[in-house]
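Chemist: Here is a sequence together with a model predicted from it:
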Amino acid sequence: MLILGIESSCDDLSIALVESGRVLSNVTASQVQDHAPFGGVVPEIASRRHLESLEATLDRSLQIAGKNLGNIEGIAATYAPGLVGSLLVGLNFAKSLALALQRPFRGVHHIEGHLWSAFIEREPRFPIMALAVSGGHTHLFHISNFGSYRLLGHTVDDAAGEAFDKVAKRMGLPFPGGPAIEALARQGNPRAFEFAVPQVKGRPLHTSFSGMKTAALEYLSQTNEPAPADLAASFQYGVVRALLAVLRRALAQFPAAQLAVAGGVACNGPLREALAALATEHDVELVLPPPKYCTDNGAMIAYTGELYLKQGLSSPLHLNAQARQALGAPA
Ligand code: KG4
Ligand code: ZN
């Protein structure tokens, strides 16, 4: 099936065309410049920019794929979770298009999209241990089949990407913070500052990043002569160790043929290297999306939408946007 996918849950508007699991186009209108002066995403600016970029982004995506609106066989859009104003722009546009073209529509959960982004042009082998690690989530799932997600653990405070962003902001680094910290960390010593890996009492598969964030902010305020590269490298090393610790425990407890890690933080080079070593240690196949499908993108929404629509599982046109929604809720 030829599926049009729209992702607009935060500050990126991304529109993709996917046909039989193959990505024909994936065009993203980035708003990094608009939000950079504020050091974070301003919701009203995000939704207004989405409205302004919709037509040009759609046209470009169709052009790259060599398709026209009449060729589209199904339409998918992110419906939850995210900034409601932002979600409504993409969702409402997708539903209107489905109505006008008389094609089936599927609402996709943003995290489900991230999870399946790892399998674009890769075959899943179940069971899968899957970690979605982004600016809004640090959620660990055991996937026994498509659509069967067991939540094993999640962050009890900040998401890993959020911690990167907050520490970077305080260090005066550009937004988004993750790539900025990774770049600065290349010249730093990861053992210069100590970051203890937190363990959530009685919940071995949960994570917590607010303690590391606070420790970083304290180091910044205490040190007379802060060595930003050392702090960046040490903080990044702490986050990687914290993620590896829960994955190691989960892999010891649950069977897995594959280990999939997706979401913006999965772009991080040192994390990817550490995951490769972990996968070897546990004899599990590591599945990582290429960086272009780690951060928010329309391809993952079109891809996941196709998995549903090819089974005839469409969503009603009254499906609403939700700021928060557990994965697995009916869409
Ligand atoms: O998946 P995503 O684009 O949006 C959400 O769903 O949140 O993830 C964005 C997050 C931001 O917090 C950003 O700082 C982080 O992913 N990120 C990174 C890297 N690239 C993006 N974190 C660490 N290292 C990176 N290279
Ligand atoms: Zn995301």
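Modeler: Here it is on my side, so go on. Ligands and ions are numbered 1, 2, ... in the order given.
Chemist: For ligand 2, give me its nearest residue in the stretch 201-331 of the chain.
Modeler: Closest residue of the stretch 201-331 of the chain to ligand 2, Cβ to the ion: Asp296 (4.4 Å). (C-beta placed from N, C-alpha, C; glycine too.)
Chemist: That residue: what's it in contact with?
Modeler: For Asp296, the contact set (Cβ atoms under 8 Å, 6 or more residues apart in numbering) comprises 7, 9-10, 12, 14, 28, 110, 264.
Chemist: wait, isn't Gly107 in contact with Ala77?
Modeler: Yes: assessed by Cβ atoms under 8 Å, Gly107 is found in contact with Ala77 at 6.4 Å.
Chemist: Give me the common contacts of those two.
Modeler: With Cβ under 8 Å, 6+ apart, Gly107 and Ala77 have common neighbours Leu91.
Chemist: more crowded one of these two?
Modeler: For Gly107 and Ala77, the more surrounded residue by other Cβ atoms under 10 Å is Ala77, and the numbers stand at 32 against 27.
Chemist: got the contact list for the more buried one?
Modeler: 5-8, 90-91, 93-95, 105, 107-108, 301, 305.
Chemist: Could you find the closest non-adjacent residue to it?
Modeler: Among residues not flanking Ala77 along the chain, Ala94 sits closest, at 3.5 Å (Cβ to Cβ, 6 or more residues apart in numbering).
Chemist: What's the local residue count around whichever residue of the stretch 51-200 of the chain sits closest to ligand 1?
Modeler: Per Cβ to the nearest ligand atom, Gly178 is where the stretch 51-200 of the chain lies closest to ligand 1, at 2.0 Å. When neighbours are defined as other Cβ under 10 Å, Gly178 has 27 of them.
Chemist: Could you pull up phi and psi at it?
Modeler: phi -60, psi -60 (degrees, to the nearest 10).
Chemist: Let me see the contact set for it.
Modeler: Applying Cβ under 8 Å, 6+ apart to Gly178 gives the contacts 161, 164-165, 168, 264-265, 267-268.
Chemist: Need these in a markdown table (columns: pLDDT).
Modeler: Shown next, in a markdown table, are the contacts of Gly178 (pLDDT from 0 to 100):
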| residue | pLDDT |
| --- | --- |
| Gly161 | 97 |
| Phe164 | 97 |
| Asp165 | 94 |
| Ala168 | 94 |
| Gly264 | 97 |
| Val265 | 98 |
| Cys267 | 98 |
| Asn268 | 98 |
